[in-house]
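Colleague: just a sequence and a predicted model for now, questions to come.
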Amino acid sequence: MSDLRVLYRLWYEKEYDLFLLKLKDSGIEHKILLSLFPVLEIAALKHFENKQPSLIARLKWNYYLLFKRDEKYILNKDQAKQYDVIFWPTQPKHYLVQLPVYQQLKKRNITSAFVTNTSAIQDLFKKENVDYLHIDTIAQKRNRIHKLKNNIKIHNCSKNTSSFDIGGRKIKFSNIIRDTLTYRLTADQAKEIYSEVKEHAKPKIIFFGYSFSILALANDRDCKKDGIISASLQMGRMMYYLFKYSCLQVFYAYGKEVKEKIEKVAQNVDVKDVGSLKIEVTGYSPGKEEVNTLVSPFKTNYKKIGLVAFSGPGLTVSFNGHVESLKALKSATEKFKDIYFIIKLHPKDKRHYYSDFENVENVLVIDNQHPIFKFDIIHLVKQCDFVMSGASTSLIESAYWMKPVISVDLTGELQDIDLLKEDFILNCRTSEELQLTIQSIMVNDPIFLKKMASMKTYIDYAFRKEDAQPSELVADDVINRLQNFRTTIN
C-alpha cells in the first residue's frame, strides 16, 4: 500500500504539472488552479480511498457558487496606514507563533500589524491588544456565473488526461480537477483581502501563517510581482516536494537539516535557520501547572508514562491505517499495565475511534471536552517518558526534549515521509514490533540507547540553539531585509 500511495502521488503531481502547461497553451484563464494544490491533494486522497463527493454534493457546491450570498472584504479605511510588516495567520496556532516576532519588531520600532478575516483570530488580536487591520465582511449578491463557466472550461480541458489504476478501479485525473475547483472561492477571497492590504497598508513583508495554505499560494506570486517579500515560519515537519509549487521568498527553518533539504528542491526561497518558534512560545504558554497536576499521580503509581498523539485520518493516513494503529495501541495498553497511556486527540481526530479505550484503567483520552485539551501538547511531552505517533510534528517536538519517539504505521502509508527515515525514529510496522519497542524503552537496552544517541546527533544538527531566542533571530533578519529594501529604493 505504501508503494502504491507513493506512485499515486507521483502520478497526480505529474498530471498536474502537465495540465498547467496544457491550460497555458489553450489560453484558458487558470491562475486560480495554481493556488489550489493543497486542495488537489485532499481531493486525490478522497478518490484513493473511494470517498469522493457524491453527485448531490457536487451539485450543492455549484449551487453555492451561483446563488449563495457572497462576502466582500474591505479594509477599514480609518486604518489606512503604511506598515513595514504584516502578519497574516489563518489559524490561532499560527498567530501564537507569529506573536513573539511581532513583539520583537515592535520593540525595535518596526511598524507591524496582523490581518485576518477569521473572527476567532480577530478576537485574539483584541485580547492581546496588538495592532491589526480590521477587515469588514460585507454580505452581498454578486454574479459568479463567470467563475462557474471558468470551472467548466478548466474541467473540460482535463477530460483527456490519464487515469490511475488502483485494484481494478480507475481514478480519473479530470475528476480530481473537478472536485478541486469547488474550493476556488477560498482562493478568490484571499486574493481580495490581499488587494486591500497591498493598497492601503503597503507592506514590504507579509508573513503567511502556513507556507502551503490556499491563502499563501493564492498570493505569493502576486507578492513577488508587486515587490513584497513573502515569508513563513516553520511549525512542523516538512513535505519538501511542496516547495516546487510555492513562490515563497523567505522561510525561517528550525536548523541546517531543513535548510539543506529545501535548497535541494527550491533554489528561489531564501532559508534561514533560526530554531523553533513553537518551542520558544511553549515556554511561556499556559497549561504547565495544570498538566503537572494531572500527571503527578500517574508518575507515582506507574513505572512510565506514554503519550499518544495520532493525527487521525487525513492527507497522509487513511481511515483503515488509523484504525489499525489503534488496534496495535490497544494491545500495548493490555500488555503493559505498568505504563499509563495518555492519548491526546488531534483536532481533526474523532472520539468514536477510541471507544475501545473507554474505562481502561491505565488509559486517559484527552478530547476537546477535557480541560487539558486547550493547552499545548509540549507540556504533556515534557512530563512523559516516550511519545507515540504516526509521523506528526509531535515526534520532532518530543525529540527536541530527548523523549524516545515511536512511529506506528501498520499499513505502511507513511514510509515515504523523510522524517521517518531518520535513525532516531523507532519505527513499528506490526503490533509485535510496537510491544518489543516499548519493552526496549522500559529496560534501556542497547538498541534503545543507540537510538537515543542518534536522536542527540539529529537534534544538534536539526535545531539551531543559542542564547538569542528564535523570535530575535527572525526580527534581526527582517530588519536587515527592510534596510536593504530602503537602500534599494533610495
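Modeller: Received it, and whenever you're ready, just let me know what you need.
Colleague: list the contacts for residue 311?
Modeller: 317, 346, 348-349, 389-390, 392 (CB atoms under 8 Å, 6 or more residues apart in numbering). Every C-beta, even on glycine, is put in place using the N, C-alpha and C of the backbone.
Colleague: buried ones among these?
Modeller: 317, 349, 389-390, 392 (16 or more other CB atoms under 10 Å).
Colleague: now render the contacts of residue 311 as a markdown table, adding distance to residue 157.
Modeller: What follows is the contacts of residue 311, written out as a markdown table (distance: CB to CB, whole Å):
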| residue | distance to residue 157 |
| --- | --- |
| 317 | 33 |
| 346 | 37 |
| 348 | 33 |
| 349 | 38 |
| 389 | 41 |
| 390 | 37 |
| 392 | 37 |
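Colleague: which of those residues sit farthest apart?
Modeller: 348 and 389 (14.0 Å; CB to CB).
Colleague: ok so, going back, export the contacts of residue 311 to TSV and append columns for distance to residue 217, pLDDT and secondary structure.
Modeller: Formatted as TSV, the contacts of residue 311 follow (distance: CB to CB, whole Å; pLDDT from 0 to 100; DSSP: H, G, I helix; E, B strand; the rest coil):
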residue	distance to residue 217	pLDDT	secondary structure
317	23	86	coil
346	24	90	coil
348	21	86	coil
349	26	91	coil
389	27	95	strand
390	25	93	coil
392	23	86	coil
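Colleague: for residue 179, which three-state class applies?
Modeller: Secondary structure assignment for residue 179 (DSSP: H, G, I helix; E, B strand; the rest coil): helix.
Colleague: can you pull the pLDDT of it?
Modeller: The per-residue pLDDT reported for residue 179 equals 94.
Colleague: residues contacting it?
Modeller: Neighbouring residues of residue 179 by CB under 8 Å, 6+ apart: 43, 46-47, 52-53, 58.
Colleague: give me that answer again for 7 Å
Modeller: 43, 52-53 (CB atoms under 7 Å, 6 or more residues apart in numbering).
Colleague: residue 81 now?
Modeller: Going by CB under 7 Å, 6+ apart, residue 81 touches residue 201.
Colleague: what are the ranges of the helices in the stretch 301-450 of the chain?
Modeller: 319-335, 378-383, 393-400, 431-443, 446-462 (DSSP state H, counting those that start in this stretch).
Colleague: any chance of those in CSV, plus mean neighbour count, distance to residue 124 and mean pLDDT?
Modeller: Shown next, in CSV, are those (neighbours: other CB atoms under 10 Å; distance: least, CB to CB, whole Å; pLDDT from 0 to 100):
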stretch, mean neighbour count, distance to residue 124, mean pLDDT
helix 319-335, 18, 31, 95
helix 378-383, 21, 19, 94
helix 393-400, 24, 21, 90
helix 431-443, 17, 38, 97
helix 446-462, 15, 30, 93
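Colleague: quick one: low-confidence ranges for the stretch 101-250 of the chain?
Modeller: Counting by pLDDT under 70, the ranges of the stretch 101-250 of the chain that qualify are 142.
Colleague: check the gap between residue 372 and residue 440 for me.
Modeller: Separation of residue 372 from residue 440 (CB to CB, to the nearest Å): 29 Å.
Colleague: for the nearest residue to residue 383 once chain neighbours are set aside, helix, strand, or coil?
Modeller: Of all residues not flanking residue 383 in the chain, residue 295 sits nearest, at 4.4 Å (CB to CB, 6 or more residues apart in numbering). Secondary structure state of residue 295, per three-state DSSP, is helix.
Colleague: equivalent analysis for residue 130, please.
Modeller: Quick answer, by three-state DSSP: residue 130 is coil.
Colleague: quick one: contacts for it?
Modeller: Contacts of residue 130 (CB under 7 Å, 6+ apart): 102, 114.
Colleague: ramachandran coordinates for it?
Modeller: Main-chain dihedrals, residue 130, degrees, to the nearest 10: phi -90, psi 160.
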